[in-house]
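the following block contains a protein sequence and its predicted model.
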Amino acid sequence: MMAIVLLLGAAGKDQELKSVPKELALLKQRLIQSHLSYLQIEYEPYLTLSSLSELLQRCANQIEILHFAGHSNPSQILTNDEDLYSYQIATIIKTWKNKPKIIFLNGCENADQVEAFLNAGVKCVIATHKPISDKLASVFADSFYSNLLSNPHSVNCQQAFDRAGAIALLNQNNKLANTLDLKNLPDASSQFWDWGLFSHDTTWLHTWTVEQLMPKSIEIKNQDTQSKAFLLIGGVLLFVIVVLVLIIIFIPSQSIIHGNNGTIIKDIDSININNNKQ
């Protein structure tokens, strides 16, 4: 079973967020460029109620990351034709055997929706404390996924979030943008971040990586491939060693044989000479 990354976007009915389709297109490209074959991308930049219902039904138990970009408020996310309460989506997710690992709500002041998703079994939710600009939202999301995918075996969720927050601050504050030394960021800067990282299991945040989404079948296949490669290399090395040993044994033996023959011939010649003299 593939691990689905569901990218959802809604520019909105009234105040259109023109950056939303661009944000999703960029995230899709990041995922493709990661070359992680076990990730399957489902992409809907113009979300409606019917398309969301279809996706949640078709992808049930397979969605590992759900990203939403668009308008939201403390209790709802807004599609292109309807407003949905978070608890409606959370109720559906709660029925799944396999729950999403990450839900990223990249809209305005939606942190109050977090608890519904965590109570439904979602491991981690990224949400906002206040209204955010669509341009900065796109920067933050791109930075988060870029970091998460850059080293899928080692960069954990917390690290990706922290780095994305730092990048967002650099884009938000001109003074900070003048330096690339993140040590110059104020110690208390995190409390001013527009985004929050929420989980009932903080240990999970520091240990989970994208590589853990790899299905066991692919993991076993990769291990088998590595084992075969090691066996092949070992066989080649053994062959080279055997050849070298044979060469080492063969050459001195030949030298000894020639030496003995020479000595024997020399002794025989000496005997013949002595006999002639007699």
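The structure has been received and is ready for your questions. Here the structure is a predicted model, which is why all the values come from computation and not from measurement. Numbers count the residues shown, from 1 in each chain.

make it CA atoms for all contacts and neighbour counts henceforth
Will do.

next, residue 66: phi, psi?
Backbone torsions for residue 66, taken as degrees, to the nearest 10, come to phi -120, psi 120.

what comes into contact with stretch 7-26?
Stretch 7-26 is contacted by residues 28, 41-48, 66-71, 78-81, 134-135, 138, 141-142 when judged by CA atoms under 8 Å, 6 or more residues apart in numbering.

return the members of these classed as buried.
Among the contacts of stretch 7-26, those buried by neighbour count (16 or more other CA atoms under 10 Å) are 28, 41, 43-48, 66-71, 78-80, 134, 138, 141-142.

can you tell me which of the contacts of stretch 7-26 are in strands?
If you go by DSSP state E, these have 41-44, 66-70, 78 in strands.

as TSV, the residues you listed with distance to residue 100 and pLDDT would be great.
As requested, these are arranged in TSV below (distance: CA to CA, whole Å; pLDDT from 0 to 100):
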residue	distance to residue 100	pLDDT
41	14	97
42	14	97
43	16	95
44	18	96
66	7	98
67	11	98
68	13	98
69	17	97
70	20	95
78	20	94
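
among these, which one sits closest to residue 208?
Nearest to residue 208 out of the ones in strands among the contacts of stretch 7-26 is residue 66 (CA to CA; 16.0 Å).

is that closest one in a bridge, and if so with what?
Counting by DSSP bridges, residue 66 forms beta bridges with residue 6, residue 103.

tell me the contacts of it?
Neighbouring residues of residue 66 by CA under 8 Å, 6+ apart: 5-8, 100, 102-104.

can you put the residues you listed in JSON lines and add distance to residue 239 and pLDDT?
Converted to JSON lines, these look like this (distance: CA to CA, whole Å; pLDDT from 0 to 100):
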{"residue": "5", "distance to residue 239": "47", "pLDDT": "98"}
{"residue": "6", "distance to residue 239": "51", "pLDDT": "98"}
{"residue": "7", "distance to residue 239": "52", "pLDDT": "98"}
{"residue": "8", "distance to residue 239": "56", "pLDDT": "97"}
{"residue": "100", "distance to residue 239": "50", "pLDDT": "98"}
{"residue": "102", "distance to residue 239": "50", "pLDDT": "98"}
{"residue": "103", "distance to residue 239": "54", "pLDDT": "98"}
{"residue": "104", "distance to residue 239": "55", "pLDDT": "98"}
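
wait, which of these is closest to residue 208?
Looking at the contacts of residue 66 and their distance to residue 208, the nearest is residue 102, at 10.5 Å (CA to CA).

what number of residues lie near the closest one?
Using other CA atoms under 10 Å, residue 102 has 22 other residues around it.

wait, it touches residue 121, no?
No - the pair residue 102 and residue 121 does not pass the contact test of CA atoms under 8 Å, sitting 10.4 Å apart.

wait, doesn't residue 194 sit right on residue 126?
No - when contacts are counted by CA under 8 Å, residue 194 is not listed as touching residue 126 (10.4 Å).

quick one on the thing from earlier: from the contacts of residue 66, which is closest to residue 207?
Comparing the contacts of residue 66 against residue 207 with CA to CA places residue 102 closest, at 13.6 Å.

got a list of what the closest one touches?
For residue 102, the contact set (CA under 8 Å, 6+ apart) comprises 64-66, 122-126.

so where's the protein shaky on pLDDT?
Within the chain, the ranges that satisfy pLDDT under 70 run 172-192, 216-231, 234, 251-278.

what about the strands in it?
Assigned by DSSP E, the strands in the chain fall at 3-10, 39-44, 63-70, 76-78, 83-85, 102-106, 124-128, 195-198.
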